[in-house]
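# Got a predicted structure plus its sequence, pasted below:
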Amino acid sequence: MLAEKSLVALTALKRLESERELDVHEGTRDQVRRALENAGTVFIDSPQGRGVMVLNKPPMRAPRASHSRD
């Protein structure tokens, strides 16, 4: 499901999750991060440490512009 939501190949996602620290394109990392953020994950980076927080409700996304044909 994450591969679908982030629009990346399953093999790319497996490389990203690998404990062997395989090379992954920065664009792939960005797409996965955006998909997680759209689902309500907040990435935290502070002087005290790094972590994640999952929101109860995902943030509201701006509605897409509709292209109506009149």
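That came through fine. Numbering: from 1, shown residues only.
# low pLDDT regions in the protein?
For the chain, the stretches with pLDDT under 70 are 58-70.
# Next, please give the residue ranges for the strands of it.
41-46, 49-54 (DSSP state E).
# Out of these, which gets nearest to residue 28?
Proximity to residue 28, assessed across the strands of the chain by CB to CB, is greatest for strand 41-46 (16.2 Å). (Each C-beta comes from the backbone N, C-alpha and C, glycine too.)
# picking that back up, can you put the strands of the chain in a markdown table and add distance to residue 23 and mean neighbour count?
Listed next are the strands of the chain as a markdown table, based on distance: least, CB to CB, whole Å; neighbours: other CB atoms under 10 Å:
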| stretch | distance to residue 23 | mean neighbour count |
| --- | --- | --- |
| strand 41-46 | 21 | 10 |
| strand 49-54 | 22 | 9 |
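# Same list (the ones you listed) but as CSV, adding distance to residue 2.
Output for the strands of the chain, formatted as CSV (distance: least, CB to CB, whole Å):
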stretch, distance to residue 2
strand 41-46, 11
strand 49-54, 14
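# if I pick the nearest residue to residue 42 once chain neighbours are set aside, what's in contact with it?
Excluding the flanking residues, the one nearest residue 42 by CB to CB, 6 or more residues apart in numbering is residue 53, at 4.5 Å. Contacts here follow CB atoms under 8 Å, 6 or more residues apart in numbering; on that basis residue 53 touches 41, 42, 44.
# Try it again at 10 Å.
Going by CB atoms under 10 Å, 6 or more residues apart in numbering, residue 53 touches 40, 41, 42, 43, 44.
# Just give me the longest helix of this structure.
Longest helix of the chain, by residue count under DSSP state H: helix 26-38.
# in it, what counts as buried?
By neighbour count on 16 or more other CB atoms under 10 Å, the buried set for helix 26-38 is 28, 31, 32, 35, 36.
# one step back: of all the contacts of residue 53, which comes closest to residue 14?
Nearest to residue 14 among those, with distances taken as CB to CB, is residue 41, at 19.3 Å.
# Do I have it right that the closest one meets residue 6?
No. Assessed by CB atoms under 10 Å, residue 41 is found out of contact with residue 6, at 11.9 Å.
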